[in-house]
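> can't give you the sequence, but here's the structure:
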């Protein structure tokens, strides 16, 4: 199998690409690193079997691969925020591994330091958190501009509840502005601060849904968010969002741990040994 990794010139991405391809080759496959400036690099000829890329900035390359029938591996920052860039998440033929996340019953031998809090107790006072995403994310998913999307979402939520709403845009998205009818959360507030006393979190696909589930705050996932397999998916459920059994939450967390890897695990081939069988090529 031939794998091409397209990475920009940032050291972080180059280190990841080199570690990833080193692991691929240790397992007997062939790999190549292509340095890019955003989406400039041309596809190698002959076309690879698999293309690895980083983040939603790779939208055009991702879609080109879909059109050509080339498998993709999308890598991005890990779900557990305390890991920083030490861990990288990966998804096959998607941005998040949501669709196939629960297909394999994984052991709980990774991410053992992540403890799941009990689901929050229902109260009449809890607020709702809207976790937004960046403009690049919205472009990747063909969504409206983030502020318009969140404004429309507030109106939809108001059809079902009068609870207070806190709007939490993606902290790194610098064009975010407050939205009428909500409280505005920005740095130095953390997602942990915003989740305190929350009734539920609503998002399309922000990683904040991982933090919410771990903290015991149920979610409504409107897109491909990684908590979708154990969450509600309809705003109409806002007053009574789904509370997955603890067994399912534990299984979900174990499955997620096999979608996140360190540079050393990529370099050794350990990660590739788990990823390759899922590609289906």
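Yep, that arrived. Owing to the predicted nature of the structure, the values given are computational and were not obtained by experimental measurement.
> Now the residue lying closest to residue 237 once chain neighbours are set aside: which helix or strand?
Leaving aside its sequence neighbours, residue 237 sits nearest to residue 220 (Cβ to Cβ, 6 or more residues apart in numbering; 6.3 Å). C-betas here are computed from N, CA, C, even on glycine. In this assignment (DSSP states H and E), residue 220 forms part of strand 219-221.
> Can you name every helix or strand that that strand contacts?
Contacts defined by 3 or more Cβ pairs under 8 Å, 6 or more residues apart in numbering; DSSP states H and E place strand 219-221 against strand 198-203, helix 208-215.
> Go through those and name the closest to residue 52.
Relative to residue 52, the nearest member of those by Cβ to Cβ is helix 208-215, separated by 22.2 Å.
> List the buried residues for that closest one?
Within helix 208-215, the residues that count as buried by 16 or more other Cβ atoms under 10 Å are 208, 209, 210, 211, 212, 213, 214, 215.
> Number of residues surrounding residue 199?
The tally of other residues near residue 199 (other Cβ atoms under 10 Å) stands at 21.
> my guess is it contacts residue 128, does it?
Yes - under the criterion of Cβ atoms under 8 Å, residue 199 makes contact with residue 128 at 5.8 Å.
> Would you map the strands across the chain?
In the chain, the strands defined using DSSP state E lie at 2-8, 30-36, 50-54, 71-77, 87-92, 127-131, 165-168, 183-184, 198-203, 219-221, 260-262.
> where among those is the average confidence lowest?
Mean pLDDT per stretch puts strand 30-36 lowest among those, at a mean of 88.
> Give the pairing partners of that one; include direction for each.
Here strand 30-36 has these sheet partners by DSSP bridges: strand 2-8 (parallel).
> who touches the partner strand?
13-14, 16-17, 20-21, 24, 29-38, 41, 43-44, 46, 48-54, 58, 61, 73 (Cβ atoms under 8 Å, 6 or more residues apart in numbering).
> among these, which ones are buried?
Looks like these have 13, 16-17, 20-21, 24, 29, 31, 33-34, 36, 43, 48, 50-54, 58, 61, 73 buried, using 16+ other Cβ under 10 Å.
> Now do the nearest residue in space to residue 266 that is not next to it in sequence: how many residues are near it, please.
Closest residue to residue 266 apart from its sequence neighbours, by Cβ to Cβ, 6+ apart: residue 19 at 4.3 Å. Neighbourhood size, residue 19 [other Cβ under 10 Å]: 21.
> For this protein, just list every one of the helices.
11-26, 59-68, 135-140, 146-158, 191-195, 208-215, 246-257, 263-268, 270-279 (DSSP state H).
> where's the longest one relative to the chain centroid, distance-wise?
For helix 11-26, the distance from its own C-alpha centre to the chain's C-alpha centre is 21 Å (Cα atoms, centre = their mean, to the nearest Å).
> do the third one as well
In terms of Cα atoms, centre = their mean, the gap separating the centre of helix 135-140 from the centre of its chain is 13 Å.
> what comes up buried for it?
Using 16+ other Cβ under 10 Å as the test for burial, helix 135-140 gives 135, 136, 137, 138, 140.
> How about the second one?
By neighbour count, with 16+ other Cβ under 10 Å as the criterion, the buried positions of helix 59-68 are 59, 61, 62, 65.
> Then the fifth one?
Burial within helix 191-195, assessed by neighbour count using 16+ other Cβ under 10 Å, is assigned to 191, 194, 195.
> of all these, which comes closest to residue 9?
Nearest member of those to residue 9, counting by Cβ to Cβ, is residue 191, at 30.2 Å.
> hey, which helix or strand in the chain has the poorest pLDDT?
strand 30-36 (a mean of 88; mean pLDDT, DSSP states H and E).
> what is the orientation angle of that one with helix 270-279?
Here strand 30-36 points in a direction 100 degrees away from that of helix 270-279 (axes from the mean of the first three to the mean of the last three Cα atoms, to 10 degrees).
> Could you measure from the residue nearest to residue 266 over to residue 7?
11 Å (Cβ to Cβ, to the nearest Å).
> Where does the prediction get shaky in the stretch 51-200 of the chain?
Scanning the stretch 51-200 of the chain for pLDDT under 70 picks out the ranges 81-84.
> One more pass at 80, please.
Low-confidence segments of the stretch 51-200 of the chain (pLDDT under 80): 80-85, 112.
> returning to that earlier point: identify the residues contacting the least confident helix or strand of the chain?
Contacts to strand 30-36, defined as Cβ under 8 Å, 6+ apart, come from residues 1-9, 14, 17-18, 20-22, 24-25, 41, 44, 48.
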